[in-house]
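Colleague: Sequence and computational prediction follow.
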Amino acid sequence: MIVDLAEVTLEDLADCVVVVVRGQLDLATLEPLYAALAFAYQDRAADLVVDFEGVTFCGAETLRLLSDTAVRFSIGGRRLVVRGAQPAQARLFGICRLEHLLTPLKKLSWAEPETS
């Protein structure tokens, strides 16, 4: 049996905080993402990028968490954007009217991944 659990890491950059997510995000694996978003919110007054490039599945609970967190960030004058969402995930964001979280990276230079 193979289980693809969520893996979440937090990168604190000079002008934003990046939460990198990998694996399946559903009700059973959402806790690490919740903890990372809460830490990023309390850590400092920086915008937040949630990197979805490695996400293999995203349930409705994930979208609700991201939406609620985006509202909290906007009240404080900060932004939350999602980068790297797969086409099926982007479609789900659109169905839930959350496509505004998928802001094109060209408009947000601070949200672009660093190149090595």
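Modeller: Looks like it came in fine.

Colleague: Tell me the strands beside the top strand by length along the chain, with direction?
Modeller: Across the chain, the longest stretch assigned as strand under DSSP state E is strand 47-58. Partners of strand 47-58 in the sheet, by DSSP bridges, are strand 16-25 (parallel), strand 80-83 (parallel).

Colleague: who touches the longest one?
Modeller: What that stands for is strand 16-25. 4-11, 29, 33, 36-37, 40, 43-44, 46-59, 61-62, 110-111 (CB atoms under 8 Å, 6 or more residues apart in numbering). C-beta: built from backbone N, CA, C; applies to glycine.

Colleague: for the strands paired with strand 47-58, which one ends up most surrounded?
Modeller: Highest mean neighbour count of these: strand 80-83, a mean of 23 (counted as mean count of other CB atoms under 10 Å).

Colleague: Switch the strands paired with strand 47-58 over to a markdown table; also include distance to residue 91.
Modeller: Below are the strands paired with strand 47-58 laid out as a markdown table (distance: least, CB to CB, whole Å):
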| stretch | distance to residue 91 |
| --- | --- |
| strand 16-25 | 16 |
| strand 80-83 | 13 |
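
Colleague: Which parts of the chain are helices?
Modeller: Using DSSP state H, the helices of the chain run over 31-43, 60-75, 87-95.

Colleague: want to throw the ones you listed into CSV with mean pLDDT and distance to residue 101?
Modeller: Shown next, in CSV, are the helices of the chain (pLDDT from 0 to 100; distance: least, CB to CB, whole Å):
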stretch, mean pLDDT, distance to residue 101
helix 31-43, 88, 13
helix 60-75, 93, 6
helix 87-95, 90, 6
